[in-house]
Every structure is written in structure tokens, then in C-alpha cells.
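Enquirer: generate a structure from the sequence data that follows.
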Amino acid sequence: DRGSAATSLIVLALAARCSEPLSAVGAIPSQYRMTNRAPPTKASVYVKGATTPLRTALSSTGSLSPLDPDQRADVVDQVAAKAAQRFSELIEEVFANVKKLEQTLKKLKKEAGGGGGLS
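Expert: Predicted coordinates:
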């Protein structure tokens, strides 16, 4: 069916556009590592960037405006699920990188502290 194929393409395109800003999550650990910055208390800028394509598509002149309300809701659900999956993948990468860094720092600290000295 052409309608469902077109809807699938819209979902894929919107999900890709909504997922692009999410890659900024990778920079968060470096913003707080070894600094005295307070933890964030509001959504990061990339969150607004991730929702903008969907909000634009849902506007009265957006690409989703010709769809009926149930179809729009279905598209929103699918786009949100795909973007959330991508965000989850990115967060897993961030945690893996932080863990590797912590292990490396522990190893370096152990080597520096337990290596003895030349006399």
C-alpha cells in the first residue's frame, strides 16, 4: 500500500532527523570530568534539537498535517521509539567509554603508586 510505504518513509526520515542531535550526549562526560561544575538541572540543548523535527512535522503546515489524528499518533510513536532506541545505543557507548577511562586511570594510578623508585 502506497500510504503505508509513504508513512514508513516519513517515520524513517523523521527518526533520523530527531536522532542527529542526540549524538551530543557523548560530550557530556567531558563537560563534567575533573571540574567543579554542578550537575545539570534542566534538559540539555540537544533534547530540544531532537524534538524540533517532530514538532515541525506536527504543525498545521508540516508533513504530518494531511494524516488523520490516529495516523499522526502512530507516526509519533514510531519516531519516538526509533529515536529512543538510538539514544539508548549512544548512552551505552558513553557508559562503556567512561568505564574504559576509569579502568585506565586506576591502572595508571596503581602503576604510579606501586612502582617504587630508583635509588
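Enquirer: what's the helix or strand bottoming out on mean pLDDT in the chain in contact with?
Expert: Least confident element among the helices and strands of the chain, by mean pLDDT, DSSP states H and E: helix 28-32 (a mean of 83). Outside of helix 28-32, the residues within contact range by Cβ atoms under 8 Å, 6 or more residues apart in numbering are 37, 39, 44, 94, 97, 98. All C-beta atoms are positioned from the backbone trio N, CA, C, and that covers glycine.
Enquirer: can you tell me which of these comes closest to residue 23?
Expert: Checking the contacts of helix 28-32 against residue 23 by Cβ to Cβ gives residue 94 as the nearest, at 10.4 Å.
Enquirer: how close does residue 50 sit to residue 84?
Expert: Per Cβ to Cβ, to the nearest Å, residue 50 is found 10 Å from residue 84.
Enquirer: neighbour count winner among the two?
Expert: Neighbour count, other Cβ atoms under 10 Å: between residue 50 and residue 84, residue 50 has more, with 23 against 14.
Enquirer: state the pLDDT value of residue 113.
Expert: According to the prediction, residue 113 has pLDDT 76.
Enquirer: neighbours of the residue lying closest to residue 98 once chain neighbours are set aside, how many?
Expert: Nearest non-adjacent residue to residue 98, counting by Cβ to Cβ, 6 or more residues apart in numbering: residue 29, 5.4 Å away. Residue 29 has 13 neighbours, counted by other Cβ under 10 Å.
Enquirer: how far away is residue 29 from residue 64?
Expert: To residue 64, residue 29 is 35 Å away according to Cβ to Cβ.
Enquirer: right, I'll call it a day here.
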